[in-house]
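Novice: quick one: sequence and predicted model below, then my questions.
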Amino acid sequence: MMGTAFFGTNVTSREIKLVEVLFAVLLLLVATVTPVAAQAKREKTKTDQPAKPTDYRSEHFFVHTDLPADEAQDLLERLETMLSLISAYWARPCVGVIECYVVKDLAVWPTGMIPDEGLDHIRAGAGVTAITTVTGGVGFLARSVVYAVSDRGTPQHEAVHAYCGQTFGTTGPVWYSEGMAEMGQYWRKDNKSVRVHDAVVEYLRSSPPKSLDVIVNGNEFTGDSWQNYAWRWALCHLLANNTNYSARFRPLGLALLKKEPTSFEEVYGDMAEQIVFEYCFFLKHLEQGFRADLCSIDWNRKFRFPKGSAVIAAKIRADRGWQPSGVLVAKDTRYETSASGSWQTGKEGGAVSADGAADGAGKLVGAIMTHENGKNFQLGEPFELGAHGEFTAASEGKLYLRCRDGWGELGDNKGTLTVKLKAAK
């Protein structure tokens with residue numbers, strides 16, 4: 001027996017055919033069904049001159065599309081690039097060829113050319129991936145078919161599901177499946193910066209943070225809403241790129257895809273408070289170009305109160321977010337700082353001291369992090385320091401320092417300052 005399930009916006013289940021060879025080879029095996037990931041509805045691209053549906057092939061994709069030839073070739077290149085990145089990330093080559101129906105103008109497609117299981121999603125301006133898995137004592141064989149509108153992100157999102165289905169036999173739980181598929185459509189080679197739809201950035205920054213428990217364990221389903229997809233992307237992007245959590249995230253994902261016994265809580269339970277802080281910080285400062293790897297908090301640095309005239313020194317880089325000074329400050333106590341060296345913000349800007357440029361860019365600033373017994377981490381409001389500064393601590397806590405610059409503009413900064421701090425006389 002053989003069955004196929006479809007999950008997505010207004011999706012109904014239908015039987016799809018496997019190739020005759022698959023029937024012959026796997027006749028005696030038992031069929032199981034893998035839930036299929038579908039993408040939230042996206043805005044359709046404007047239709048230019050209609051083209052006749054044509055077939056295009058590359059090493060890993062067989063695409064039926066009405067895109068003009070040059071756009072079809074560009075699509076194949078993007079799909080292959082994305083596939084090479086995710087194959088390297090999961091350390092698994094793609095199994096088989098992924099078949100895709102990519103539609104720009106449904107009106108130019110002859111009736112019956114697109115199988116029924118994909119039509120509703122294409123009409124809705126979205127996408128869906130149908131995966132049929134046949135399993136037995138010797139393993140599994142899977143075949144996937146992608147149906148997608150031709151906007152820039154949908155085919156790549158769905159192709160991630162197709163890769164996972166054909167390679168692992170499953171796409172994982174909803175939060176991971178859809179979060180990683182959203183990442184797949186944005187991934188660029190050697191580029192870890194945020195590059196998402198502007199509406200996603202605006203929504204996440206203006207909304208109260210959805211809790212990690214709701215994202216991971218909530219009663220959500222594939223194809224539910226683009227807003228839920230945005231939260232899943234945010235969590236997966238942070239965990240995959242933040243240097244504090246990325247080393248655990250990949251093994252977690254592989255275990256989920258291979259259906260091994262594991263859970264988010266089991267993997268990250270001892271880091272829960274830190275993840276919550278960095279997750280909320282990421283959402284608050286999210287913008288195009290944000291680098292979660294450069295903004296990772298160094299939780300391992302030791303801090304101490306400066307005693308007497310003792311000086312504590314720290315190296316602060318221009319291309320990082322908040323960095324530990326090593327100084328514990330006491331409430332209502334004055335401290336002196338001095339900074340030597342120079343740095344620059346941007347490729348075209350000249351080098352400046354810790355006093356920064358006339359517009360304030362590049363100025364050395366500080367903030368105090370507080371917590372309650374290792375929980376409820378809070379970062380206070382930033383205050384200016386400059387090359388020679390003095391401040392009175394508003395609360396007891398750990399002093400963090402950074403080069404003032406836009407949160408999406410750190411990647412091209414250069415230079416390091418040596419900052420010395422001591423209690424004021």
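Specialist: Structure received. It should be emphasised that the depicted structure is a prediction, and the values quoted were computed from it without experimental measurement.
Novice: okay, now residue 261: neighbour count?
Specialist: When neighbours are defined as other C-beta atoms under 10 Å, residue 261 has 6 of them. For glycine as for every other residue, the C-beta is placed from the backbone atoms N, C-alpha and C.
Novice: residue contacts, it?
Specialist: residue 255 (C-beta atoms under 8 Å, 6 or more residues apart in numbering).
Novice: how about it, secondary structure?
Specialist: coil (DSSP: H, G, I helix; E, B strand; the rest coil).
Novice: confidence score at it?
Specialist: At residue 261 the predicted local distance difference test score is 95.
Novice: for the nearest residue to residue 241 once chain neighbours are set aside, what are its contacts?
Specialist: With C-beta to C-beta, 6 or more residues apart in numbering as the criterion, residue 241 has its nearest non-adjacent residue at 4.0 Å, and that residue is residue 292. If you count contacts by C-beta under 8 Å, 6+ apart, residue 292 has them with 192, 194, 237-238, 241-242, 282.
Novice: from these, which land in helices?
Specialist: Using DSSP state H, 237-238, 241, 282 are the members of the contacts of residue 292 that sit in helices.
Novice: which of these sits closest to residue 364?
Specialist: Distance to residue 364 across the ones in helices among the contacts of residue 292 (C-beta to C-beta) is lowest for residue 282, with 23.1 Å.
Novice: give me the nearest residue to that closest one, chain neighbours excluded.
Specialist: The spatially closest residue to residue 282, leaving aside those adjacent along the chain, is residue 238, at 5.2 Å (C-beta to C-beta, 6+ apart).
Novice: and what of residue 236?
Specialist: Nearest non-adjacent residue to residue 236 (C-beta to C-beta, 6+ apart): residue 179, at 3.3 Å.
Novice: in the host helix or strand of that neighbour, which residues are buried?
Specialist: Take DSSP states H and E as the rule and residue 179 turns out to sit in helix 174-186. Taking 16 or more other C-beta atoms under 10 Å as the neighbour-count basis, helix 174-186 is seen to contain the buried residues 174-186.
Novice: swap in stretch 359-378?
Specialist: 361-369, 377.
Novice: and for stretch 214-223?
Specialist: Of all the residues in stretch 214-223, those buried under the rule 16+ other C-beta under 10 Å are 215-216, 220, 222-223.
Novice: same deal with stretch 346-359?
Specialist: Judged by neighbour count (16+ other C-beta under 10 Å), stretch 346-359 contains these buried residues: 346, 349, 352-356.
Novice: quick one: distance of the host helix or strand of residue 232 to the chain centre.
Specialist: Taking DSSP H and E as the definition, one finds residue 232 inside helix 226-241. On the basis of C-alpha atoms, centre = their mean, to the nearest Å, the separation between the geometric centre of helix 226-241 and that of its chain is 5 Å.
Novice: same question, stretch 288-301
Specialist: With C-alpha atoms, centre = their mean as the basis, stretch 288-301 stands 14 Å off its chain's centre.
Novice: do stretch 386-401 as well
Specialist: How far stretch 386-401 lies from its chain's middle: 33 Å, per C-alpha atoms, centre = their mean.
Novice: what number of residues are in the vicinity of residue 224?
Specialist: 17.
Novice: from residue 232, how far off is it?
Specialist: Spatial separation of residue 224 from residue 232 under the definition C-beta to C-beta, to the nearest Å is 10 Å.
Novice: do residue 375 as well
Specialist: Here the distance between residue 375 and residue 232 works out to 26 Å (C-beta to C-beta).
Novice: which residue packs closest to residue 259, ignoring adjacent ones?
Specialist: With C-beta to C-beta, 6+ apart as the criterion, residue 259 has its nearest non-adjacent residue at 6.4 Å, and that residue is residue 170.
Novice: show me the shaky parts of the stretch 301-425 of the chain.
Specialist: Low-confidence segments of the stretch 301-425 of the chain, defined by pLDDT under 70, are absent.
Novice: thinking again about what came up before, just the buried residues of stretch 359-378 now: which is nearest residue 315?
Specialist: For residue 315, the closest of the buried residues of stretch 359-378 turns out to be residue 364, at 12.4 Å, with distances computed as C-beta to C-beta.
Novice: need phi/psi at that closest one.
Specialist: The phi/psi pair for residue 364 (degrees, to the nearest 10) reads phi -70, psi 130.
Novice: roughly how far apart are it and residue 382?
Specialist: With distances taken as C-beta to C-beta, residue 364 is found 10 Å from residue 382.
Novice: over to residue 132?
Specialist: Using C-beta to C-beta, we find residue 132 at a distance of 54 Å from residue 382.
Novice: quick one, which of the two is more surrounded?
Specialist: Neighbours were tallied for residue 132 and for residue 382 using other C-beta under 10 Å; the higher tally belongs to residue 132 (24 against 15).
Novice: which strand residues bridge the more buried one?
Specialist: Taking DSSP bridges, one obtains residue 33, residue 143 as the residues bridged to residue 132.
Novice: so it makes contact with residue 142?
Specialist: Yes. Look at residue 132 against residue 142 with C-beta atoms under 8 Å: they come within range, at 6.8 Å.
Novice: could you pick out the longest helix of this protein?
Specialist: helix 69-90.
Novice: skip ahead from that one and say which helix or strand is next.
Specialist: Downstream of helix 69-90 (by DSSP H and E), the next one is strand 98-103.
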